[in-house]
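Asker: Fold the following.
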Amino acid sequence: MKKTALYQRHIEAGAKMVPFAGYEMPVQYLGVKQEHLTVRNAVGVFDVSHMGEFFVRGPQAEALLQHICSNDISKLTVGKAQYNYLPNGKGGVVDDLIVYKIEEQVFLLVVNAANIEKDWAWISQQNQAFDAQLENQSDALSLLAIQGPKALDAMQKLTTIDLKALPFYAHQKGSFAGVEGVIVATTGYTGSGGIEIYFPNEEANQIWDAVIEAGDDFGIAPIGLAARDTLRLEMGYCLYGNEIDDQTSPIAAGLGWVTKPAFLGIDQAILTQQKNSGTATQLVAFEMTGRGIPRGRYTITTPEGQSIGTVTSGTQSPSLDKGIGLGYVTTANATVGTEIGILIRDKIISATIVKLPFYKS
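Answerer: Coordinates of the predicted model:
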C-alpha cells in the first residue's frame, strides 16, 4: 500500500487508517458526525493526495481535451476550472474529473484515485491522434482540501492571494505557508465552500502544520474520508463507482449540464440521442420518511413492493438527522414528490423522491 506524504501526521492525530485506492488513508479521527459538522459549521482539512494529477501541454492540448471531455473546453479560460467526465465510447463513463486551465496551452486534470492507471491509459490512447504533451504527476504532488464556511478567513493569513476575490471554480498560483508556486483553487467536494491546494510532496508537512496552526482559532480539525462521503452525498454529488461507472449513462446520471450542446467528441451519437429522447432510468435523490438508513445496492420499490431500481449511495445525514440516498429508478417513477420504498432487511421502508441538494447552507 502507498502512503501519502502526510501519513505520519495522520498517525499522530489519531486517525483510523484504512486501505483506499491503493493507499493507506485516514477514514476518521474523532468520529464521522463530529468531523462532518465541523466542515459544515467551521473548517476542516482533508488529505486527498491520493487523487491523480495529469498535466496536458502544447498546441494540441485543447484539441485533445475537447475530444475526450464532456464539457466545452473552449470556454475554459486561464485561472478557471471546469467539471467534466470522460465518455468511454460505449455510452458509459471512464471517470469524472476537474480540468484547470493553468496557462495558455497548459491544463491540469485531477482524476479519481482508483482510476489513475485506467485514465492515463485512456487519455494516452486518445492522444495518439493529437500528440499533446502528457505528464503524470500523481506521485509527486500533494493535495489538501480545506473546506468550510470559515476556511477562507482561516487561511488568508498564509497567502498573499486574495482568497475572497477568487470566484467559485477559479485558481491562482502563489505563495502559501511560505511555499512558492502553490496552486490555490476554490474547488471542493463538500458544498460548504473553501479551497483546495496543490503542492510538491516535499512541502507537505510544512504546509499541513501551518494550516492546522492558522485554523486553530477557527475550530479547524483534520477530516477523514468517511465524512467526505457524507458531505458529498448531502449535496448529491456523483461518486465514481457508485452513481457513475463504465456502464452507466451520464445523461441518466444527470450530467447533461456538463455535456456539450452539440457534442463533438467521443460518443456524440449516443449522448445526443439520449439528451433528445431520454433514458430508461434516471438518478434520483430520496429522503427516508420511515425509520431506516439506506445503503448502496438496496432495492428501490413502489410503495406496494414492486422493484423499480437500486440505491447507489445512502447514509444517515449528520446535518438533517434523517436517512438520505441516491439511486436509479425507472423514468416513469422518477418525478420529485413520488412516494417510494427502500427494501431494508426484508421490510419496505417509506421514502420520497426529492430535489437536490439535500443540504442547503
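Asker: Can you give me the domain assignment for the protein?
Answerer: In terms of domains, the chain is parsed into 2-51+140-234, 52-136, 280-361 (source: automatic domain parsing).
Asker: Dump those domains into CSV; add mean neighbour count, distance to Asp267 and mean pLDDT as well.
Answerer: Just so you know, the C-beta spots here come from the backbone N, C-alpha and C atoms, and that holds for glycine as well. Shown next, in CSV, are the domains of the chain (neighbours: other C-beta atoms under 10 Å; distance: least, C-beta to C-beta, whole Å; pLDDT from 0 to 100):
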stretch, mean neighbour count, distance to Asp267, mean pLDDT
domain 2-51+140-234, 19, 24, 98
domain 52-136, 19, 4, 97
domain 280-361, 18, 17, 98
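Asker: Of those domains, give the one that comes closest to Trp257.
Answerer: Minimum separation from Trp257 across those (C-beta to C-beta) falls at domain 52-136, 9.0 Å.
Asker: okay, how far is it across that closest one, tip to tip?
Answerer: 8 Å (C-alpha to C-alpha, to the nearest Å).
Asker: for it, the distance to its chain's centre please.
Answerer: Chain-centre distance of domain 52-136: 16 Å, with C-alpha atoms, centre = their mean, to the nearest Å.
Asker: swap in stretch 320-336?
Answerer: Taking C-alpha atoms, centre = their mean, one finds the center of stretch 320-336 at 20 Å from the center of the full chain.
Asker: so can I have CSV of the domains of the chain showing distance to Leu271?
Answerer: Output for these, formatted as CSV (distance: least, C-beta to C-beta, whole Å):
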stretch, distance to Leu271
domain 2-51+140-234, 23
domain 52-136, 7
domain 280-361, 15
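Asker: what's the closest of these to Ile266?
Answerer: Distance to Ile266, taken as C-beta to C-beta, is lowest for domain 52-136 among the domains of the chain, at 4.5 Å.
Asker: so Arg33 is in which element?
Answerer: Just to correct that, residue 33 is Lys rather than Arg. helix 32-41 (DSSP states H and E).
Asker: Show me the helices in the chain, by range?
Answerer: For the chain, the helices defined by DSSP state H occupy 7-12, 32-41, 61-68, 116-127, 151-155, 204-214, 225-235, 268-277.
Asker: Dump the ones you listed to TSV, plus distance to Ile348.
Answerer: Conversion of the helices of the chain to TSV gives the following (distance: least, C-beta to C-beta, whole Å):
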stretch	distance to Ile348
helix 7-12	41
helix 32-41	27
helix 61-68	43
helix 116-127	38
helix 151-155	41
helix 204-214	46
helix 225-235	22
helix 268-277	31
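Asker: Any idea which of those helices gets closest to Gly325?
Answerer: helix 225-235 (7.8 Å).
Asker: Any idea how far the closest one is from the middle of the chain?
Answerer: Remark: helix 225-235 is offset 10 Å from the chain centroid, using C-alpha atoms, centre = their mean.
Asker: And stretch 33-40, by the same measure?
Answerer: Remark: stretch 33-40 is offset 18 Å from the chain centroid, using C-alpha atoms, centre = their mean.
Asker: Between helix 225-235 and the helix holding Lys33, find me the angle.
Answerer: 60 degrees (axes from the mean of the first three to the mean of the last three C-alpha atoms, to 10 degrees).
Asker: Quick check: closest non-adjacent residue to Thr281.
Answerer: Across the structure, with C-beta to C-beta, 6 or more residues apart in numbering as the measure, the residue nearest Thr281 apart from its sequence neighbours is Tyr328 (4.5 Å).
Asker: Report the beta-bridge partner residues of that neighbour.
Answerer: Under the criterion DSSP bridges, Tyr328 forms beta bridges with Leu283, Thr310.
Asker: sorry, back to before: export the helix holding Lys33 to CSV, keeping only CA atoms.
Answerer: The C-alpha trace of helix 32-41 is given here as CSV (Å, rounded to 0.1, in the frame of the first residue of the first chain):
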residue,chain,number,x,y,z
VAL,A,32,-17.7,10.9,11.3
LYS,A,33,-20.6,13.0,12.6
GLN,A,34,-18.3,15.4,14.5
GLU,A,35,-16.0,15.8,11.6
HIS,A,36,-18.9,16.3,9.2
LEU,A,37,-20.4,19.0,11.3
THR,A,38,-17.0,20.7,11.7
VAL,A,39,-16.9,21.2,8.0
ARG,A,40,-20.5,22.4,7.8
ASN,A,41,-20.0,24.9,10.6
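Asker: now what about that helix, what contacts it?
Answerer: Residues outside helix 32-41 that contact it (C-beta atoms under 8 Å, 6 or more residues apart in numbering): 28-29, 44, 147-149, 190, 192, 219-221, 223-224, 226-227, 230-231, 318-319, 359, 361.
Asker: Give me the spatial nearest neighbour of Lys101, chain neighbours excluded.
Answerer: Nearest non-adjacent residue to Lys101, counting by C-beta to C-beta, 6+ apart: Leu76, 4.7 Å away.
Asker: now Ala13
Answerer: Using C-beta to C-beta, 6+ apart and skipping residues adjacent in sequence, the residue nearest Ala13 is Pro222, 5.2 Å away.
Asker: And Ile251, by the same measure?
Answerer: With C-beta to C-beta, 6+ apart as the measure, Gln274 is the residue that lies nearest to Ile251, at 4.1 Å, once sequence neighbours are left out.
Asker: Just give me the neighbour total for the one you found.
Answerer: Counted with other C-beta atoms under 10 Å, the burial measure for Gln274 works out to 19 neighbours.
Asker: Now for it: which residues touch it?
Answerer: Listed by C-beta under 8 Å, 6+ apart, the contact partners of Gln274 are 91, 249, 251-252.
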